[in-house]
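Colleague: Next comes the sequence, and after it the predicted model I'd like to discuss.
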Amino acid sequence: MPAQPEPQPQVVAFACAPEWLEATVPLVGNGSGSDGAVPTKPALPRFSMVAYTGGPMRLAGWRHPVIVDLAGLKIPAQHRPIRLGHDASLGVGHTDRIAVEGGKLIAAGLVSRDTAAAREVVVSSKNGFPWQASIGASVEEHEFVREGQTVQVNGQAFAGPVNVVRRSTLGEISFVDLGADGNTSASVLGIHQSLPRSGDTAVPTPAADTATNTAAANATATTEKPATPPVQAAATDTGPTVADLRAAAAAETHRIAAIRTLCGKDHATIEAKAIGEGWDATRTELEVLRAARPTAPAVHVRDSGLTPSVLEAACVLAGKHSEPTTVCDEQALTAADKRFRGGISLQELLLEAAWANGATARTFKSDPRQILRAAFSGMGGVQAGLSTIDLGGILSNVANKFLLDGFNAVERVWRNVAAVGPVSDFKAITRYRLIGKDQYEKVAPGGEIKHGTLGEISYKNQADTYGLMLSIDRRDLINDDLGAITLVPRKLGRGAGLKINDVFWTVFLNHAAFFTVANKNLLTGADTALSIDGLTKAEQAFLEQVDPDGKPLGIMPAIVLAPPSLSAIGTQLFKSLELRETTANAKYPVANPHQGKFRVEISRYLSNPQYPGNSSKAWYLLADPNDLPVVEVVFLNGQEAPVIETAEADFATLGVQMRGYHDFGVALQEPRAGLKAKGEA
C-alpha cells in the first residue's frame with residue numbers, strides 16, 4: 001500500500017464585497033511626439049476593498065452559517081495575491097495593505113498583473129460593474145455554537161446554530177461578481193482607463209475629477225504637461241462625402257471582423273448580439289472572457305472538521321445501527337450528532353463528497369450526474385487534489401457495518417457446533433483426523449523416536465462463491481432515501497446469513513449414511529426422547545465410542561443440539577438442579593445428574609419441513625468442535641463475514657450498485673464426534 005500523504009490545510013473562501021476601486025495616476029503625454037514629450041509608462045490602477053464585514057455567511061458545504069473570527073485570522077504578509085474567482089491562473093494584482101479595522105477586514109493594493117483577468121476587472125469597473133470580494137483562507141480551528149446559545153465575535157453577538165472559525169490563515173483575496181457577505185454593499189469610483197496591453201502605445205486620457213487629478217499630479221515623477229489637442233476649424237455642414245461613407249463602411253467592416261475573430265466558433269450568440277447592438281472589440285472581448293470562465297460558486301469551502309469517519313458515523317446513526325458504539329469511534333459519533341442532528345440524508349452525503357471533490361452544483365437535483373461523478377471519482381484539478389472525502393470508501397465501510405449487522409441478526413447456531421477453518425483457493429481440500437496411531441511410543445535406548453502417520457481417515461471440503469447484487473436507483477436518490485445505503489447492505493448481510501444457514505443445515509441433515517447403527521452413533525426407540533434417561537443413554541453410547549484400534553476415543557461430549565420443540569426440556573436438563581417425575585407409577589428422582597454438563601444449542605432448521613431429514617423429536621449429542629468436529633465450515637482466506645462492494649452504476653443506470661458475496665464450503669467430518677438420538681421408535 002502506498003504511503004498516505006500528510007493532510008494539507010483546508011482551503012476556504014469567504015466572499016464579501018469591496019467598498020471601492022479606483023485608478024490613480026493618469027497618463028502623461030499624448031504619445032504623438034508633437035511637443036517633444038516622451039510617452040511615460042501609465043501608473044497602475046489601485047483598488048481598495050472591505051474584504052469581510054465580520055458577519056455570518058452562508059457557505060456551500062457548511063450546514064450552518066460561518067463567521068470568521070478576525071482576531072484569530074493570521075495575515076502572513078502585507079503582499080498577498082489578488083485573483084479573479086479564486087483561480088490561480090486568473091491573476092489580477094497584489095495588496096500592499098491589509099488590516100482589521102472596526103471589526104472589518106480591509107485591503108488595498110495595485111492591479112499589477114498583465115492578464116486578461118486584470119483587464120476585465122478594470123474595464124468592468126470603468127463600465128460601472130459592482131465587483132465584490134472573497135477571501136481565501138485555511139481553516140485551522142472552528143467551533144460550533146448550538147441552537148439557543150450566543151457567541152461574541154468581531155464585536156458583535158450572534159445566535160446559534162453557527163460555526164465560528166477561531167483560527168485561520170489568509171491566503172488570497174479574489175474579485176467575484178457575487179459575494180457571500182450580504183451585509184456589505186459595494187461601490188466603484190474613479191475608473192478612467194483600462195490597463196494597457198503589452199506593447200500598446202500610451203494614449204492620454206483626460207482626468208474626470210479634481211481629486212483624481214490631484215492624486216495623479218502628486219504621484220507622477222515627471223513635470224511634463226500633457227500636450228494641448230489641436231483646435232479643429234469649424235466647417236460648413238454639407239453632408240457626408242463619399243470619402244466619409246467609405247471610411248464609415250471600412251470601420252464597420254473592421255468592427256465586425258474583430259468581433260468575429262474574438263468570438264470564434266464557440267460564442268455565436270455573443271457574436272450576433274455584439275454586431276446587432278454595435279459593441280466595440282473591447283466590450284466583446286470582456287463578454288467572451290466572462291463566458292469562457294468556468295461557472296463556479298462564489299465560494300469554495302472545505303470543512304476541516306468534516307472527516308470520512310464523521311460521515312460514516314452520521315450514516316450509522318441515521319440507519320439506526322443496533323450497536324453504533326461497536327462500529328464507530330465515540331468521538332466521531334459525537335461530532336456527527338452535533339453536525340447532522342443525529343442523522344444525514346442520502347443527498348446530503350453525496351453533496352458533501354462531491355463538493356469536497358470540486359463539484360459546483362449547489363443541489364443534487366440540479367445535476368445528479370455531476371454530483372455522482374464528482375462524489376465517486378473526483379472532478380480533477382486543485383479541489384479534487386485536496387479532497388480527503390472518498391465516497392466509495394465511506395459507502396463501503398458503512399455498507400459493511402450494516403452488512404454485518406444483518407448477517408449477525410440471523411441464527412448462527414452453526415458457528416457453535418461446527419469447526420471453522422481457512423482455505424486459500426477453491427480447490428477441494430483433504431482433512432486428516434488424528435484418531436488412532438497417534439499414541440506416543442516408548443523411546444528405545446539410543447534415543448530413536450519412531451515416525452507416526454496421519455492414518456487413513458480423511459475428509460473432503462471445498463469453498464464455493466455465493467453472491468447477490470442490488471442497486472440504489474435514481475428514484476432512491478431523488479427521493480433522498482438514506483435507507484437505501486443502510487437497508488440494502490443490511491438486506492445483503494441477512495441474505496448471506498440465510499444462505500450459509502441453508503447450505504449448512506442441508507449438509508448436516510443429509511446424514512442418512514453418517515449417523516447409522518453401524519457407526520454406533522444412532523439411537524432409536526421411545527426411550528431415546530430427550531429426558532434424564534434419554535440423555536444418560538446417549539452419554540453412555542458416546543463415551544463407549546472407540547478409535548480405529550478399538551481403544552477409547554478419549555473425547556467428551558459437550559453440546560446438546562435440539563429443535564425448538566425440545567428447547568424447554570433441554571434448558572431444564574442444563575440448568576435445573578432437580579427434576580421431579582410425577583406420573584402414577586414412576587420413580588421420583590430429585591437430583592439432575594446432567595445439570596451444567598452439556599451446553600444446549602437450539603436450531604429451528606432441525607425441524608423445518610423444507611429440509612430433508614428434519615424432525616421435531618430427534619436431537620444430537622456432539623463433541624466440542626475444537627476437539628473433534630462432526631461438521632466443518634471453511635472460508636476463503638479465513639474471511640468469515642461476507643464482502644460488500646459499492647460502485648457507481650454503469651452508463652445505462654443512474655444510481656449506485658452494491659454487490660455482496662461470500663466464499664465458503666460445508667462438509668460432514670468425523671462420525672465419532674457426534675451421536676443422534678431419534679427420540680422415538
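Modeller: Structure received.
Colleague: how about whichever strand or helix holds Val310 as PDB, C-alpha atoms only?
Modeller: Here Val310 sits within helix 308-318, counting by DSSP states H and E. Provided in PDB are the C-alpha atoms of helix 308-318 (Å, rounded to 0.1, in the frame of the first residue of the first chain):
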ATOM      1  CA  PRO A 308     -14.800  10.400   6.500                       C
ATOM      2  CA  SER A 309     -15.200   8.900  10.000                       C
ATOM      3  CA  VAL A 310     -17.700  11.600  10.900                       C
ATOM      4  CA  LEU A 311     -19.700  10.900   7.700                       C
ATOM      5  CA  GLU A 312     -19.600   7.200   8.400                       C
ATOM      6  CA  ALA A 313     -20.900   7.800  12.000                       C
ATOM      7  CA  ALA A 314     -23.700  10.100  10.600                       C
ATOM      8  CA  CYS A 315     -24.800   7.200   8.300                       C
ATOM      9  CA  VAL A 316     -24.700   4.700  11.200                       C
ATOM     10  CA  LEU A 317     -26.800   7.000  13.400                       C
ATOM     11  CA  ALA A 318     -29.300   7.700  10.600                       C
END
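Colleague: Return the list of helices and strands in contact with it.
Modeller: helix 324-327, helix 330-340, helix 346-356, helix 391-409, helix 483-509 (3 or more Cβ pairs under 8 Å, 6 or more residues apart in numbering; DSSP states H and E). C-betas here are computed from N, CA, C, even on glycine.
Colleague: Where does pLDDT dip in the stretch 1-150 of the chain?
Modeller: In the predicted model, the stretch 1-150 of the chain carries pLDDT under 70 at residues 1-42, 60-61.
Colleague: cutoff 90 now
Modeller: Across the stretch 1-150 of the chain, the ranges flagged by pLDDT under 90 are 1-66, 82-97, 101-149.
Colleague: Show me what the nearest residue to Glu140 once chain neighbours are set aside bridges to in the sheet.
Modeller: Once flanking residues are discounted, Glu140 sits nearest to Arg167: 4.3 Å by Cβ to Cβ, 6 or more residues apart in numbering. Beta-bridge pairing of Arg167 under DSSP bridges involves Glu141.
Colleague: What about Arg167, how many residues nearby?
Modeller: 16 (other Cβ atoms under 10 Å).
Colleague: Not including adjacent chain positions, what is the nearest residue to Asn397?
Modeller: Asn397 sits nearest to Glu312 (Cβ to Cβ, 6+ apart), 5.4 Å away.
Colleague: do Tyr620 as well
Modeller: Nearest to Tyr620 is Leu561, by Cβ to Cβ, 6+ apart, at 4.2 Å.
Colleague: Which strand residues bridge that neighbour?
Modeller: Beta-bridge partners, per DSSP bridges, of Leu561: Glu601, Tyr620.
Colleague: Distance from the chain centre to whatever helix or strand Ile135 lives in, please.
Modeller: Counting by DSSP H and E, the element that carries Ile135 is strand 132-145. Distance of strand 132-145 from the chain centroid (Cα atoms, centre = their mean, to the nearest Å) equals 22 Å.
Colleague: How many residues are close by Lys551?
Modeller: 11.
Colleague: typo on my end, it should be Gly665
Modeller: For Gly665, the neighbour count with other Cβ under 10 Å is 21.
Colleague: what pairs with the helix or strand containing it, and is each one parallel or antiparallel?
Modeller: Here Gly665 sits within strand 655-668, counting by DSSP H and E. With DSSP bridges as the test, strand 655-668 is paired with strand 464-473 (antiparallel), strand 631-636 (antiparallel), strand 643-648 (antiparallel).
Colleague: Could I have the CA atoms of stretch 597-608 written out in CSV?
Modeller: Presented in CSV, the C-alpha positions along stretch 597-608 are these (Å, rounded to 0.1, in the frame of the first residue of the first chain):
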residue,chain,number,x,y,z
LYS,A,597,-22.9,-30.8,31.9
PHE,A,598,-23.9,-30.1,28.2
ARG,A,599,-24.4,-26.7,26.6
VAL,A,600,-27.7,-26.6,24.8
GLU,A,601,-28.0,-25.2,21.2
ILE,A,602,-31.4,-24.8,19.6
SER,A,603,-31.9,-24.5,15.8
ARG,A,604,-35.2,-24.0,14.0
TYR,A,605,-33.7,-25.6,10.9
LEU,A,606,-33.7,-29.1,12.5
SER,A,607,-37.5,-29.4,12.4
ASN,A,608,-38.2,-27.2,9.3
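Colleague: Give me the contact list for it.
Modeller: 411, 413-414, 416-417, 501, 505, 509, 535, 557-567, 570-571, 573-574, 611, 614-616, 618, 621 (Cβ atoms under 8 Å, 6 or more residues apart in numbering).
Colleague: thinking again about what came up before, tilt between the helix holding Val310 and helix 483-509?
Modeller: Using axes from the mean of the first three to the mean of the last three Cα atoms, to 10 degrees, one finds that helix 308-318 and helix 483-509 are set 80 degrees apart in direction.
Colleague: coming back round to it: pull up the gap between the residue nearest to Asn397 and Gly393, please.
Modeller: Going from Glu312 to Gly393 by Cβ to Cβ, to the nearest Å gives 9 Å.
Colleague: neighbour count winner among those two?
Modeller: Taking other Cβ under 10 Å, Glu312 and Gly393 do not tie; Glu312 has more neighbours (24 against 13).
Colleague: list the contacts for that one?
Modeller: So Glu312 contacts Cys328, Ala332, Ile394, Asn397, Val398, Lys401 (Cβ under 8 Å, 6+ apart).
Colleague: isn't the last one right up against Glu323?
Modeller: No: contact between Lys401 and Glu323 fails when scored by Cβ atoms under 8 Å: they sit 9.6 Å apart.
Colleague: returning to that earlier point: I'd guessed the residue nearest to Glu140 sits against Glu143; true?
Modeller: No: applying Cβ under 8 Å as the test, Arg167 and Glu143 come out as separate, 9.9 Å apart.
Colleague: what's the nearest residue to Leu566 if we skip its chain neighbours?
Modeller: Using Cβ to Cβ, 6+ apart, the closest residue to Leu566 is Leu530 (4.9 Å).
Colleague: Look at the one you found and tell me its secondary structure.
Modeller: coil (DSSP: H, G, I helix; E, B strand; the rest coil).
Colleague: The stretch 501-650 of the chain: helices as residue ranges?
Modeller: Along the stretch 501-650 of the chain, the stretches classed as helices by DSSP state H, counting those that start in this stretch are 532-543, 567-575.
Colleague: cool, the stretch 1-150 of the chain as well?
Modeller: Under DSSP H, counting those that start in this stretch, the stretch 1-150 of the chain gives helices at 116-126.
Colleague: got a pLDDT number for the closest residue to Lys491 other than its chain neighbours?
Modeller: Residue nearest to Lys491 in three dimensions, not counting chain neighbours: Gly406, with 6.4 Å by Cβ to Cβ, 6+ apart. Per-residue pLDDT puts Gly406 at 86.
Colleague: what do you get for the one 10 residues further on?
Modeller: Among the per-residue scores, Asn416 holds a pLDDT of 94.
Colleague: hang on, the earlier thing: show me which of the contacts of Glu312 are buried.
Modeller: Among the contacts of Glu312, those classed as buried by 16 or more other Cβ atoms under 10 Å are Cys328, Ala332, Ile394, Asn397, Val398, Lys401.
Colleague: Might you list the low-confidence residue ranges for the stretch 151-300 of the chain?
Modeller: 155-156, 160-163, 167, 169, 171-300.
Colleague: So the closest residue to Gly319 other than its chain neighbours versus Glu147, what's the distance?
Modeller: Computed as Cβ to Cβ, 6+ apart, the closest residue to Gly319 that is not its neighbour in sequence is Thr486, at 2.9 Å. Using Cβ to Cβ, Thr486 is found at 27 Å from Glu147.
Colleague: Just want to know which of these two has more residues nearby.
Modeller: Taking neighbours as other Cβ under 10 Å, Thr486 and Glu147 compare with Thr486 leading, 23 against 10.
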